[in-house]
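Could you look at this predicted model? Sequence included:
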Amino acid sequence: MANISGKSFGSDNHAGVHPAVMAAIIAANDGDARAYGDDDVTRTALTRLCELSGAHSAHLVFTGTAANILGLSLMVRPFEAVICADSSHLNVDECGAAERVLGCKLLSVPTPDGKLSPRLVASKLTGRGDEHRVQPRVIQLAQATELGTCYSLDELRELRAFGHEHGLLIYLDGARIANAAAYLGCSLADIAACADVLSFGGTKNGALGVEAVLVMNERLADGAQYHRKQQMQLASKMRFLGAQAVALLQDGLWLSAASHANEMAARLGGALAGLPGVRLSYPVQSNGVFTTLDGRVALKLEQDFNVHVWSRNDDGTCVVRWMTAFDTSAEDIDRLTASVEASLFHVKPQP
Ligand SMILES: Cc1ncc(COP(=O)(O)O)c(C=O)c1O
């Protein structure tokens, strides 16, 4: 498989591994250590994750999908349902993992910007107490959302209060929680306190492949380690996952890497929005930039720049997603903007 030439804006997953994370993996590769998390590096990672977030317990897994499924498996029974945004990764991009592994129904709701609100959640609360209907049990939020937007802390607190008032738990998909914390200028604990269970993403923020499930609500912690094993996420050489988490938490790297990616996204958003026929689809509040433009132009950009056409609108326009990462530079963005401008020049927009 060929490498992508030049800096890619197609996904934060296209970025390599942060040198500090790679160095930590290499440092952990020193002699033997006990397996399955019974080692000092993993213990340090879990202690620091709990200290930083206020979690009761933390569990490392390989992928964001696995984190979501493990987290939700602590919260729902098969006759219960998860309310989520229709644009959520859980609903769109996890190949029905929740339906298969948890055996429960997702109640997805269209949203204007990837964010749920108490009003939108309430629209899915009919049929409670009716034995013929699934019973909503969890509100699933992504922070940052899949559309690059962020909930404010007030919005999260309002959803939590609404949820708890209606017997609903909060699961927060934090694949990009670092970008959200950087955008809001808040701590991990501030966001985590709004959830019963959440994930803390590492992979999109410079790790090779590690995510953590953080259990805030002690009553849900029981059995997490067994769910993880059944879900095939108990790494035998766990120290290498632990090492990545320790590196990200060291000296606030998780936050500085995400802040940098956000700054680059803001720069990119400003530059793209200045091009003819291009407008921002959503405010830039993390490391994702979404632009609305003519459909033919969008296809050309997809071809030329390895970016995703995210969605198609009825009026012939498309939404194109651009992502930045911990290692995107200002020069990368300036180069990209100049090439995009040249590319746009060669496509005649549809009348
Ligand atoms: C919001 C969100 N959650 C979860 C994931 C899942 O990550 P993975 O691909 O590691 O399973 C992604 C990946 O794109 C994501 O964007």
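Good, I have the coordinates.

For the residue in the stretch 251-351 of the chain that the ligand sits nearest to, list each beta-bridge partner.
In the stretch 251-351 of the chain, no residue comes nearer to the ligand than Gly288, which is 9.0 Å away by CB to the nearest ligand atom. C-beta: built from backbone N, CA, C; applies to glycine. With DSSP bridges as the criterion, Gly288 is bridged to Met323.

What's the local residue count around it?
Neighbourhood size, Gly288 [other CB atoms under 10 Å]: 28.

In contact with it, which residues are there?
Counting by CB atoms under 8 Å, 6 or more residues apart in numbering, Gly288 touches Ala144, Leu147, Gly148, Ala265, Arg321, Trp322, Met323.

Quick check: the farthest pair among the residues you listed?
Ala144 and Trp322 (14.5 Å; CB to CB).

More neighbours: which of the two?
Applying other CB under 10 Å to Ala144 and Trp322 shows that Ala144 carries more neighbours, namely 30 against 27.

Could you look up the SS state of the more buried one?
Look at Ala144: counting by DSSP: H, G, I helix; E, B strand; the rest coil, its state is coil.

who touches it in this structure?
Ala144 makes contacts with Cys150, Arg176, Ile177, Asn179, Ala180, Tyr183, Gln285, Ser286, Asn287, Gly288, as judged by CB under 8 Å, 6+ apart.

So which of those is the closest to Ala235?
Taking CB to CB as the measure, Ala235 sits nearest to Ile177 out of the contacts of Ala144, at 21.3 Å.

Surely that closest one and Ala195 touch.
No: checked against CB atoms under 8 Å, the pair Ile177 and Ala195 is beyond contact range at 9.8 Å.

Not counting the strand or helix carrying Leu272 itself, show me its contacts.
Secondary structure from DSSP states H and E places Leu272 in helix 253-273. Helix 253-273 has contacts (CB under 8 Å, 6+ apart) with 9, 12, 18, 20, 148, 176, 178-179, 181-183, 202, 205-206, 247-248, 278-280, 284, 286-289, 291, 322-326, 328-330, 332-334, 336-337, 340.

does the ligand sit close to it?
No: using CB under 6 Å from any ligand atom, we find that helix 253-273 stays clear of the ligand, coming within 13.5 Å at best.

ok, now stretch 298-318?
No: Stretch 298-318 is not in contact with the ligand by CB under 6 Å from any ligand atom; minimum separation 10.9 Å.

contacts for that stretch?
Stretch 298-318 is contacted from outside by 4, 8-11, 14, 290, 292-295, 319-322, 336, 339-340, 343, 346-347, 350, using CB under 8 Å, 6+ apart.

that older thread, next one: the helix holding Leu272 to chain centre, how far?
With CA atoms, centre = their mean, to the nearest Å as the basis, helix 253-273 stands 16 Å off its chain's centre.

All further residue positions should be reported with the first residue as 576.
Yep, numbering from 576; the last one is helix 828-848 now.

Within the sheet, what are the partner strands of the helix or strand that it is followed by, with directions?
Proceeding N to C from helix 828-848, the next assigned helix or strand is strand 854-855, under DSSP H and E. Paired neighbours of strand 854-855 in the sheet (DSSP bridges): strand 863-869 (antiparallel).

Report the mean confidence score over the following helix or strand past the strand it pairs with.
Following strand 863-869 in sequence order, the next helix or strand is helix 870-880 (DSSP H and E). Regarding helix 870-880, the rounded mean pLDDT is 90.

buried stuff in helix 870-880?
Within helix 870-880, the residues that count as buried by 16 or more other CB atoms under 10 Å are Gly870, Val872, Ala873, Lys875, Leu876, Phe880.

what's the spacing between the fourth one and Gly852?
If I follow you right, that is Lys875. 12 Å (CB to CB, to the nearest Å).

by contact count, what packs against the strand or helix carrying Arg732?
Secondary structure assigned from DSSP H and E places Arg732 in helix 728-740. Under the contact criterion of 3 or more CB pairs under 8 Å, 6 or more residues apart in numbering; DSSP states H and E, helix 728-740 touches helix 693-697, strand 710-717, strand 744-748, helix 763-767.

and the third one, which strands flank it?
Strand 744-748 has the following sheet partners, assigned by DSSP bridges: strand 710-717 (parallel), strand 772-776 (parallel).

what's downstream of that strand, the next helix or strand?
Next along the chain after strand 744-748, taking DSSP H and E as the criterion, comes helix 752-759.

wait, which of the contacts of Gly863 is closest to Gly827?
Nearest to Gly827, judged by CB to CB, of the contacts of Gly863 is Ala719 at 18.2 Å.

How much space separates the closest one from Ala840?
Distance from Ala719 to Ala840, by CB to CB: 10 Å.

again with Leu763
For Leu763, the distance to Ala840 equals 20 Å [CB to CB].

next one: Val713
Counting by CB to CB, the gap from Val713 to Ala840 is 29 Å.

Gly891 too?
26 Å.

What of Gly749?
As judged by CB to CB, Gly749 and Ala840 stand 18 Å apart.
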